[in-house]
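Chemist: compute the structure for the input listed below.
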Amino acid sequence: MGKRKAPSKVRSRTTKPRDNARPSEQYTHPTSEALLRPNVGTQSQFRKKKAPKTYRYDSSLSPELNWDASSARELGEWLLATIDDASQLPSLHRFEAPRELKGNDCKPLAIVAGLSDAVDQVKRLS
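Modeler: Got it, this is the predicted structure:
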């Protein structure tokens, strides 16, 4: 192995005051308004505020989403309510008169006479 060289001495520079140097004074900017200026070095941590987004809103739509009507959902809810009612009837679980679910055109979408009919309808849907 070779010999290591001795580290060379590094000369340090000393700053000498200039002869004609004046003491620094605080400079004020009378027209600037920087009330909430972050400290030096922290600017990169802050993001610029984006303009608020504006969304189009149709005032004719219901905020409760009542317009979201599905015939399959309505039929399912009606069948579940019918099954619940029929299960509380005495022994045969049949209604006195058949129940009908009518569509917008007043034609019957489903007719249920009792619990077994309602369960069969649900099975056909799934």
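
Chemist: CA only for contacts and neighbour counts going forward, please
Modeler: Noted.

Chemist: spit out the contact partners of residue 102.
Modeler: 108, 109, 110 (Cα atoms under 8 Å, 6 or more residues apart in numbering).

Chemist: ChimeraX command for the buried members of those?
Modeler: Typed into ChimeraX, the next command selects the buried ones out of those (criterion: 16 or more other Cα atoms under 10 Å):
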select :110
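
Chemist: contacting residues for residue 94?
Modeler: 86, 113, 114, 115.

Chemist: partner strands of the biggest strand by length in the chain and their direction?
Modeler: Of all the segments of type strand in the chain, defined by DSSP state E, the longest one is strand 94-102. Counting by DSSP bridges, the strands paired with strand 94-102 are strand 108-114 (antiparallel).

Chemist: neighbouring contacts of the partner strand?
Modeler: Contacts for strand 108-114 (Cα under 8 Å, 6+ apart): 75, 83, 86, 93-95, 97-103, 118.

Chemist: could I get the contacts of residue 102 as a markdown table with distance to residue 4?
Modeler: A markdown table is the format used below for those (distance: Cα to Cα, whole Å):
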| residue | distance to residue 4 |
| --- | --- |
| 108 | 102 |
| 109 | 99 |
| 110 | 99 |
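
Chemist: could you single out the nearest of the contacts of residue 102 to residue 66?
Modeler: residue 109 (20.8 Å; Cα to Cα).

Chemist: and that closest one, how close does it get to residue 75?
Modeler: Residue 109 is 8 Å from residue 75, where distance means Cα to Cα, to the nearest Å.

Chemist: overlap in contacts of those two?
Modeler: residue 101.

Chemist: from the chain's centre, how far out does stretch 88-107 sit?
Modeler: Averaging C-alpha positions (Cα atoms, centre = their mean, to the nearest Å) puts stretch 88-107 41 Å from its chain's average.
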